[in-house]
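# Following is a predicted model, sequence given first.
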Amino acid sequence: MSVDLSVITDEFLPQVIKLGGSEFLAVSDHRVAAYPVRKALYEVRPRPLSLPAADFSHLDKLVRDALRPLLSTLEWPDGREQAPPNIVSLTESAAEAILRRDRLSEEQYEAFVGGFRGVGVVVPPHPSESSAGGRS
């Protein structure tokens, strides 16, 4: 493993699995609002978020294994019976951004993690925030 995933396994995912349906929908809404920033980032080559394949595969398994038991038990405020399909991908994207935050601008980083931060998940600060006191 070339990437240290401890910030994801020890800090991020334990908070994410405590979220309820309303919080996940708020994270999803933030993702939609941040689409222009995320789209521009994905058009850049090489992609700043790209993890090596083995690391991404491991991260994908960690996220799916953490969310799988939760998704079937959540209650959704809009009455749906199943989780929106983007819950896993938005969690993976935020995890990748946390791991690659040194390659992202503050605005780009916030586009990926801001929805989680908005519902109370504490994410590591962007490197530029660390020297300025940061956000929680």
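Thanks, I have the structure now. Residues are numbered from 1 along each chain as shown.

# remind me which residues of this protein are low pLDDT?
When residues are selected by pLDDT under 70, those of the chain lie in 1-2, 41-48, 85, 130-136.

# What residues of the lengthiest helix in the chain count as buried?
Of all the elements of type helix in the chain, the one with the most residues (DSSP state H) is helix 53-71. Of the residues in helix 53-71, those scored as buried under the neighbour-count criterion (16 or more other Cβ atoms under 10 Å) are Asp55, Phe56, His58, Leu59, Asp60, Leu62, Val63, Ala66, Leu67, Leu70, Leu71. C-beta here means a position set from N, CA and C on the backbone, and glycine is covered the same way.

# Stretch 111-126 now?
Applying a neighbour-count criterion of 16+ other Cβ under 10 Å, one finds 111-117, 119, 121, 123-126 buried in stretch 111-126.

# So the residue of the chain positioned farthest from its centre versus Leu25, what's the distance?
Within the chain, Gly79 marks the point farthest from the mean C-alpha position, 24.4 Å out by Cα atoms, centre = their mean. Distance, Gly79 to Leu25, by Cβ to Cβ, to the nearest Å: 12 Å.

# What of Pro84?
Relative to Leu25, Pro84 is positioned 7 Å away (criterion: Cβ to Cβ).
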